[in-house]
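S.K.: What would the 3D arrangement of this be:
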Amino acid sequence: MTHKRRVIEVIPYNPEWKAEFEKIQEMIFSYIGDLILTIEHVGSTSVEGLSAKPIIDLDVVIESLDVLPSIIERLEQEGYEYEGNLGTEGREAFRRRYNDGCMKYHLYVCPKDGKGFLEHIAFRDYLRANESARKDYELLKIKLAETYRYDIDNYSLMKTEFVADVLNKTIYKVKDK
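M.R.: Numbers count the residues shown, from 1 in each chain. Purely as a prediction, here's the structure:
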């Protein structure tokens, strides 16, 4: 019996990703809009011109975790499975249990002052504003996708140093050595 493994694919930027985000955003707002502050498009698909895995990352921003139980209940009614924080403090993950007609996406619920959300925004905004960093990150992602074609854990792990460097330049304000 053969084991099906997911292939890591980094493809050139697609302007349709913005429209897909807006479609998913509208759907999520219809479920929980009264409980949230906003929904942010984060991750590589949110950075114009950046090659990425074709998966939309969304951060649903909440005032505090006090509303999380209501969000879990409503999203479960709409076909989502609550997955907990998956090891990242301040970022609660949800997975769609069935195909909803949207491209693949990762849905996270984050408090507005949570580490996961603040880091996503800082990293996204830095890449949007810095063409050189955007190109360096793109080349790294392409190389890693080739090297770790069937190994998402190492693909992600090998991006850690680059991401940490950007976060140290932005929200953590660590000076270059």
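S.K.: Run through the residues that contact the residue most central in space within the chain.
M.R.: The chain has residue 57 as the residue nearest its centroid, 3.2 Å off, counting by Cα atoms, centre = their mean. Contacts here follow Cβ atoms under 8 Å, 6 or more residues apart in numbering; on that basis residue 57 touches 41, 42, 43, 44, 45, 46, 105, 106, 108, 120. The C-beta positions use only the backbone N, C-alpha and C, and glycine is treated the same way.
S.K.: is it true that it lies in a strand?
M.R.: Yes - assessed with DSSP: H, G, I helix; E, B strand; the rest coil, residue 57 lies in a strand.
S.K.: can you tell me how far the closest residue to it other than its chain neighbours sits from residue 143?
M.R.: Residue nearest to residue 57 in three dimensions, not counting chain neighbours: residue 43, with 3.1 Å by Cβ to Cβ, 6 or more residues apart in numbering. Using Cβ to Cβ, to the nearest Å, residue 43 is found at 19 Å from residue 143.
S.K.: that older thread, what's the PyMOL line that selects buried ones from the contacts of residue 57?
M.R.: PyMOL command restricting the contacts of residue 57 to the buried ones, with burial defined by 16 or more other Cβ atoms under 10 Å:
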select buried, resi 41+42+43+44+45+46+105+106+108+120
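S.K.: From the contacts of residue 57, which land in strands?
M.R.: Secondary structure from DSSP state E places 41, 42, 105, 106, 108 of the contacts of residue 57 in strands.
S.K.: Columns pLDDT on top of those residues, output as JSON lines?
M.R.: Output for those, formatted as JSON lines (pLDDT from 0 to 100):
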{"residue": "41", "pLDDT": "98"}
{"residue": "42", "pLDDT": "98"}
{"residue": "105", "pLDDT": "97"}
{"residue": "106", "pLDDT": "97"}
{"residue": "108", "pLDDT": "98"}
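S.K.: show me what contacts the closest residue to residue 52 other than its chain neighbours?
M.R.: Spatial nearest neighbour of residue 52, excluding adjacent residues (Cβ to Cβ, 6+ apart): residue 44 at 3.4 Å. Counting by Cβ under 8 Å, 6+ apart, residue 44 touches 50, 51, 52, 53, 57, 127, 137, 141.
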